[in-house]
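[1] Here is a sequence together with a model predicted from it:
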Amino acid sequence: MNVHVLGVRHHGPGSARSLRVELERLRPDVVLIEGPPEADGLVDLARDPDLRPPVALLAHVPGEPSKAAFWPFAVFSPEWQAIRYATGSGVPVRFCDLPAAHTLAARPDAPDALDAPDALDAPDALDAPDAPAGTGDEGARAVRVDPIGALARAAGYDDPERWWEDAVEHRGDTPFQVIAEAMAAVREGHVPDAHEARREAFMRRTVRAALKDGFERVVVVCGAWHVPALTGTPGAPGTGKGKSWGAGLPPAKADDALLRGLPKAKVETTWVPWTYGRLAAWSGYGAGVTSPGWYHHLFAAPDRPVERWLTEAAGVLREEDLPVSSAHVIEAVRLARSLAVLRGRPLAGLAEVTEAARAVLCEGDDLPVELIGRRMVVGERLGRVPDATPMVPLQRHLRAEQRRLRLKPEALERDLDLDLRKPLDLERSRLLHRLRLLGVGWGSPRQSTGKGTFRESWTLAWRPEFDIDLIEAGAWGTTVPAAAATRVRDLGSAAVSLSDLTGLVERCLLADLPEALPDVLDALSARAALDGDVTHLMAALPAMVRAQRYGDVRGTPAAGLSSIAEALLTRICVGLAPAAAGLDDDAARDLVGHVDAVHTAVGLLDSGEDAGQDAGQDGPKARWLGALRAVSRRSDLHGLIEGRLVRILLDAGDLDTGGAERRMSRAMSAGHPPARAAAWIEGFTSGGGLLLVHDARLLGLVDGWLSGLAPEAFVDVLPLLRRAFGAFAAPERRSIGERVRVLGRGADPGAAEDADEVDDERAAAAVRTVLAILGRA
């Protein structure tokens, strides 16, 4: 019997390449790989060409999505190469790590699934112990060990990653024997913690089971840290003829005792797509791989890697219209090689090629270097799993919808602009909105660049954790529309505020879920009837009006929205006056925000009236302006609120300029404190500064008030004035300054432009152009 234990570094391209060669040489009849045994039945899917790394094994406890763990694999992962060799050669594969059923059951307060390492595995890529922990009966303490760091320091390196690249990745082969001996030396005196001891006990049990089943040539592929615990003889990678595996190892009874009585949970496993970006950020099984794109390149291009890398980097820069020539690439290769020689490295590594790219290709500019890092060093490659992969029905339906709507999931962020008048784009929009209701944020809405209600813009980026979200959402239904509708009903029954319900109505319409809308509207009507807080009603109205106004764009039936919106507006108009009285600065600012939002919503509500219907005094806008007019006359208003209401009435034509001047004159009279007058001005000018540019009398009132302030009062109100005028656009501030300068000379501000000298010769060209446009000679 031959047992060969090959210690590797997870996601190490040098280890992956050497492991494949070693497997070809040893020709085992069974391969044991560090991983969850529950996934043994999924190994055969590796034969399917549609299973394309990066992918990950996902183990989760049904009904408890937070109890989940991933085992990611890249094409340059030694474990993946072992799986590919075994499935291609017809060799059985078994996973030999501690079952996920035990590790997940032992975590009642599990962290987020993406922070959970493979099987509570160590953060170091060689599988060093996770953290100091008690060993139980003996009370000894495990000591955290960084194997790569210890070996790098022994070799005189201050950078563990650079040592590993020089010693392993840049070699033609990985010295498994030497690595085993090094791990034995590093582990000398090490006392494993309870979890590590159980993991290694289960690995030994799996080896014994393989030998008992009659396999003659057994190969174990595991993190190099575990090699001494699986061989017994320090430094020995395996056993040869005449030797008995297990010499110096704990007996089977001791391992069985260690594994007896462990908590157990029901676990399901499957393959899910993974990304290189997630691999770089991983904190467990794949830690230490901060540059997966670079490692992929080293594995895929073993010959002339530096030349090929810098050539590809030049291509990335050219795609962004940056000038990079072949001469740049040649000089960058020379510089990278020279840096490697100066530093005593066998081959230029990532640090050298990055410095060469910065100095030569990017001419010292860090921004293009960041682009190379994002596109190449990390890379946003997204894996793929075949249709035969075990999935919940909701996942299968989403895959079918993605194919039908031609929406390919990609790891790299991309923008998607939709025209809702097109059936395909409308269906895409509905799918993305439904997924957001289910907590799957594949698409994030962004500000549309076009005008009109028929345009919608998204930013799409697929993340591996969305599979966990879909598994969790599978409890709501077997298809995306059904699950989203059930989820909406649940959210409606659990909503705690009126604005939550109105926002849910809007999202329900965007997602085209008419079957769920009546339940949400019933909850909204009941909540609105009982809620007497005017600010709650004001916060709820805008979403309701948007839902009513834009529902027709999507063809979504929205019966009942109009009556609810009208009822909300009526109650707001009645309750606004008492709600606006006696407020402090913060409450006044909040109320002004609500007033602005309701004013915008009323404009949409009023424009939605039948074009042939004259709303008159009963229209939404008329009732709203009447309420604002009545509130603005109160004497107990905060200055910010009064100023804003006066400006709204002026812009709406409900108050003429003379009336606004009288209101402003009273607000800035000596009878009011300077702070209140400054707040009034801030509220009045929050609609924009063009009014002061074009109305000389209003500007003169503000200027006169400011000029008459005592120095102490001016200092007190200066922060308010800076906030008010700082919100103006730069051209507005410049124009106001020019007119104030004219005021200082005692001239009419409206004549400021007339005072400038006009160049008739330069103006003649513009006049001729205007005449030509008008069709006049």
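    Perfect, thanks for sending it. Keep in mind it's a predicted model, so treat the numbers as computed, not measured.

[2] mind listing the strands for the chain?
    Listed in chain order, the strands found in the chain under DSSP state E are 2-8, 30-33, 55-61, 64-73, 93-95, 217-223, 268-273, 414-419, 443-446, 455-460.

[3] can you put those strands in JSON lines and add mean neighbour count, mean pLDDT and distance to Arg428?
    From N, CA and C alone the C-beta is placed, and that goes for glycine too. As requested, the strands of the chain are exported to JSON lines (neighbours: other Cβ atoms under 10 Å; pLDDT from 0 to 100; distance: least, Cβ to Cβ, whole Å):
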{"stretch": "strand 2-8", "mean neighbour count": "25", "mean pLDDT": "90", "distance to Arg428": "43"}
{"stretch": "strand 30-33", "mean neighbour count": "25", "mean pLDDT": "96", "distance to Arg428": "40"}
{"stretch": "strand 55-61", "mean neighbour count": "26", "mean pLDDT": "90", "distance to Arg428": "26"}
{"stretch": "strand 64-73", "mean neighbour count": "24", "mean pLDDT": "84", "distance to Arg428": "27"}
{"stretch": "strand 93-95", "mean neighbour count": "23", "mean pLDDT": "96", "distance to Arg428": "39"}
{"stretch": "strand 217-223", "mean neighbour count": "25", "mean pLDDT": "93", "distance to Arg428": "43"}
{"stretch": "strand 268-273", "mean neighbour count": "21", "mean pLDDT": "92", "distance to Arg428": "20"}
{"stretch": "strand 414-419", "mean neighbour count": "14", "mean pLDDT": "91", "distance to Arg428": "6"}
{"stretch": "strand 443-446", "mean neighbour count": "16", "mean pLDDT": "92", "distance to Arg428": "9"}
{"stretch": "strand 455-460", "mean neighbour count": "18", "mean pLDDT": "91", "distance to Arg428": "8"}
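
[4] For those strands, please prepare CSV with the additional fields distance to Leu605.
    Conversion of the strands of the chain to CSV gives the following (distance: least, Cβ to Cβ, whole Å):
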stretch, distance to Leu605
strand 2-8, 66
strand 30-33, 64
strand 55-61, 47
strand 64-73, 41
strand 93-95, 62
strand 217-223, 64
strand 268-273, 45
strand 414-419, 26
strand 443-446, 23
strand 455-460, 22
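
[5] For Arg399, find the nearest of those strands.
    Between Arg399 and the strands of the chain, the shortest gap by Cβ to Cβ is with strand 268-273, which sits at 10.8 Å.

[6] between the closest one and strand 55-61, how many degrees?
    Taking axes from the mean of the first three to the mean of the last three Cα atoms, to 10 degrees, one finds that strand 268-273 is oriented at 150 degrees with respect to strand 55-61.

[7] Who are the packing partners of strand 268-273?
    Contacts defined by 3 or more Cβ pairs under 8 Å, 6 or more residues apart in numbering; DSSP states H and E place strand 268-273 against strand 55-61.

[8] List of residues touching the strand it packs on?
    By Cβ atoms under 8 Å, 6 or more residues apart in numbering, the residues outside strand 55-61 that reach it are 35-36, 38-39, 42, 67-73, 100, 104-105, 113, 265-274, 383-385, 464, 467-468, 471.

[9] Ok, which of the strands of the chain comes nearest Glu165?
    Going by Cβ to Cβ, the one of the strands of the chain nearest Glu165 is strand 2-8, 15.3 Å.

[10] Flag the helix or strand of the protein with the lowest per-element mean pLDDT.
    Taking mean pLDDT, DSSP states H and E as the measure, the helix or strand of the chain with the lowest value is helix 752-755, at a mean of 46.

[11] Which other helices and strands does the longest helix seen in the chain contact?
    Secondary structure of the chain read by DSSP state H shows that its longest helix is helix 585-607. Judged by 3+ Cβ pairs under 8 Å, 6+ apart, helix 585-607 is in contact with helix 534-554, helix 561-580, helix 620-632, helix 639-651, helix 674-685.

[12] ok, of those, where does mean pLDDT dip lowest?
    Among these, helix 534-554 carries the lowest mean pLDDT, a mean of 75.

[13] helices and strands around it, which ones?
    Secondary structure elements in contact with helix 534-554, counted by 3+ Cβ pairs under 8 Å, 6+ apart, are helix 423-437, helix 498-510, helix 517-530, helix 561-580, helix 585-607.

[14] Most tightly packed of the ones you listed?
    The highest average neighbour count among the helices and strands packed on helix 534-554, using mean count of other Cβ atoms under 10 Å, belongs to helix 498-510 at a mean of 24.

[15] what angle sits between that helix and strand 455-460?
    In terms of direction (the same axes, to 10 degrees), helix 498-510 departs from strand 455-460 by 100 degrees.

[16] Which residues outside helix 498-510 are in contact with it?
    Judged by Cβ under 8 Å, 6+ apart, the contacts made with helix 498-510 from elsewhere in the structure are 429-430, 433, 436-437, 488, 491-492, 495, 516-517, 520-521, 523-524, 527-528, 531, 536-537, 539-544, 546-547, 550-551, 554, 556, 558, 561.

[17] And stretch 400-416, by the same measure?
    273, 275-277, 380-382, 424, 427-428, 431, 442-443, 446, 457-463, 480.

[18] so how far is it off the chain centroid?
    Taking Cα atoms, centre = their mean, to the nearest Å, one finds the center of stretch 400-416 at 16 Å from the center of the full chain.

[19] Pull out the buried positions in that stretch.
    Glu401, Gln402, Leu405, Leu407, Pro409, Ala411, Leu416 (16 or more other Cβ atoms under 10 Å).

[20] Between these, which sits nearest Glu352?
    Distance ranking of the buried residues of stretch 400-416 against Glu352, using Cβ to Cβ, places Ala411 first at 27.6 Å.

[21] measure the closest one to Arg463 for me?
    Between Ala411 and Arg463 the distance is 8 Å, computed by Cβ to Cβ, to the nearest Å.

[22] Identify the contacts common to those two.
    Going by Cβ under 8 Å, 6+ apart, residues that sit against Ala411 and also against Arg463 are Thr275.

[23] Looking at per-residue confidence, what score does Pro147 get?
    According to the per-residue confidence, Pro147 scores 76 in pLDDT.

[24] my guess is it meets Val227, correct?
    No: counting by Cβ atoms under 8 Å, Pro147 sits too far from Val227 to count as a contact (10.7 Å).

[25] Identify the contacts common to these two.
    Counting by Cβ under 8 Å, 6+ apart, the contacts common to Pro147 and Val227 are Met183.

[26] Low-confidence ranges, the stretch 401-550 of the chain, go.
    Low-confidence segments of the stretch 401-550 of the chain, defined by pLDDT under 70: 448-453, 549-550.

[27] neighbours around Glu320, how many?
    Taking other Cβ atoms under 10 Å as the neighbour definition, Glu320 ends up with a count of 11.

[28] just checking, it touches Ile372?
    No: in this structure Glu320 lies outside contact range of Ile372 using Cβ under 8 Å: 10.3 Å.

[29] mind checking how far the longest helix of the chain is from the chain centre?
    Per Cα atoms, centre = their mean, the displacement of helix 585-607 from the mean C-alpha position of its chain is 31 Å.

[30] Likewise for stretch 209-227?
    Computed by Cα atoms, centre = their mean, the chain-centroid distance of stretch 209-227 equals 41 Å.

[31] Kindly report the same for stretch 176-193.
    40 Å.

[32] model confidence over it, on average?
    Model confidence over stretch 176-193 averages 83 on the pLDDT scale.

[33] For that stretch, buried residues please.
    Applying a neighbour-count criterion of 16+ other Cβ under 10 Å, the buried positions in stretch 176-193 are Phe176, Ile179, Ala180, Glu181, Ala182, Met183, Ala184, Val186, Arg187, Val191, Pro192, Asp193.

[34] Pretty sure the first one sits against Leu6.
    What that stands for is Phe176. Yes: here Phe176 lies in contact with Leu6, judged by Cβ under 8 Å, at a distance of 5.3 Å.
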